[in-house]
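Trainee: build me a model:
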Amino acid sequence: MASPWRIIFFGTPNFAIPTLKHLLQGPDEVIAVVTQPDREKGRGRKVIPSPVKELCLQHGLTLLQPDKVREEAFQEKMKSLQPELFVVAAYGQILPKSLLKIPKHGAVNVHASLLPKYRGAAPIPWAILKGERLTGVTTMMMDEGMDTGDILLQNEIPIGEEETSETLHDRLALLGAQLLLETVRGMKAGNLHPIPQDHSKATYAPPLKKEDGRIDWSKEAKEIDRQVRAFNPWPGAFTEWSGQLLKIYRGEVRGKKSIGKAGIVTWVGLDFIEVETGKDFFLIKEVQLEGKRRMGVREFLAGHPISAGTTF
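Mentor: Alright, predicted model coming up:
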């Protein structure tokens, strides 16, 4: 049986949590964890630790939060720990070559797409937005590029017709954790053979911006539906109503003959608001008005009557 490896884990958001938990329960030793510095969040600008930091504090793990991983003092600290492997899952900084060559067996990244598709910071929402039927996770040997390293293992799953970024995120995070353990076992056994990516087939998933959530009602209803699901929970797909932002979190496509007025409310039911689009109609079913909580359309309409003919 192979001896335990000394592993340093790099990760920041919730996506990284299952991978770190699996490592802590596995045969190897997590000798340190690196996460992003605490950030101010929300209206009160309260300083919030990352989910990975919170887990580290619960387990009493050695924790490092460098502003930049290129800092010489940080890299010297990494060398002094004598790691055998780096494991990276949604850390948030690109690791330079000088850092990647520190661990004996290199650095393995867990990425939430089937590389070379959707390299970058937001592969989960972009896969939904582009109408993919399949996605998955990839483990790869890291190099200096952004998700350009040689592929070790991949595992794919279908994207459901009602899948949101929130539900897909949770499934992929768990799948990635399982694939990472399988990858480390394979590396120890010497039976994994890294495969170079076909860079000509690469696509990109840049970070989302709030403005990306703005709905263009002249698009087809199926595109708007993908946008609503892809941007749930963040940044939220939105439209404007009575001078306020109205976020839309759930809806449904209804195919019927158009009347040629995209963005107009054509029917208001008990549980939905029907809006014409560039092709077909979109039924709004769950919303959040600016400054209010999320709610179903029935509850929303009780306090905010909307009639046919209203334009979003």
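
Trainee: make it CA atoms for all contacts and neighbour counts henceforth
Mentor: Fine.

Trainee: hey, which helix or strand in the protein has the poorest pLDDT?
Mentor: Lowest on mean pLDDT, DSSP states H and E among the helices and strands of the chain sits strand 39-41, with a mean of 80.

Trainee: list the pairing partners of that strand within its sheet, with orientation.
Mentor: The strands beside strand 39-41 in its sheet (DSSP bridges) come out as strand 46-48 (antiparallel).

Trainee: got a list of contacts for the partner strand?
Mentor: The contact list for strand 46-48 (Cα atoms under 8 Å, 6 or more residues apart in numbering) reads 38-41.

Trainee: out of the residues you listed, the closest to residue 181 would be?
Mentor: Of all those, residue 181 sits closest to residue 38, with 28.1 Å by Cα to Cα.

Trainee: for that closest one, phi and psi?
Mentor: Main-chain dihedrals, residue 38, degrees, to the nearest 10: phi -60, psi 140.

Trainee: now do the contacts for it.
Mentor: Contact analysis of residue 38 by Cα under 8 Å, 6+ apart lists 47-50.

Trainee: switch to 10 Å and redo it
Mentor: Residue 38 is in contact with 12, 46-50, 53, 65, 67, counting by Cα atoms under 10 Å, 6 or more residues apart in numbering.

Trainee: max pairwise distance over the contacts of strand 46-48: which two?
Mentor: Pairwise across these, and taking Cα to Cα, the largest span is found between 38 and 41, at 9.5 Å.

Trainee: and the closest residue to residue 294 other than its chain neighbours, helix, strand or coil?
Mentor: Spatial nearest neighbour of residue 294, chain neighbours left out: residue 288 (4.4 Å); criterion: Cα to Cα, 6 or more residues apart in numbering. Per DSSP: H, G, I helix; E, B strand; the rest coil, the local secondary structure of residue 288 is strand.

Trainee: residue 288 - how many residues pack around it?
Mentor: Neighbours of residue 288 under the rule other Cα atoms under 10 Å: 19.

Trainee: let me know the secondary structure of residue 8.
Mentor: Classified using three-state DSSP, residue 8 is strand.

Trainee: go on, the one 10 residues further on?
Mentor: In three-state terms, and counting by three-state DSSP, residue 18 is helix.

Trainee: correct me, but it touches residue 174?
Mentor: Yes - Residue 18 lies in contact with residue 174 (Cα atoms under 10 Å); the separation is 5.7 Å.

Trainee: wasn't residue 98 part of a strand?
Mentor: No - counting by three-state DSSP, residue 98 is not part of a strand but helix.

Trainee: quick one: residues contacting it.
Mentor: Shown in contact with residue 98 (Cα under 10 Å, 6+ apart): 70, 72, 75, 144.

Trainee: which of those sit farthest apart?
Mentor: Pairwise distances across those (Cα to Cα) peak at 17.2 Å, for the pair 72 and 144.

Trainee: want to throw the contacts of strand 46-48 into TSV with distance to residue 199?
Mentor: Output for these, formatted as TSV (distance: Cα to Cα, whole Å):
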residue	distance to residue 199
38	35
39	34
40	37
41	37
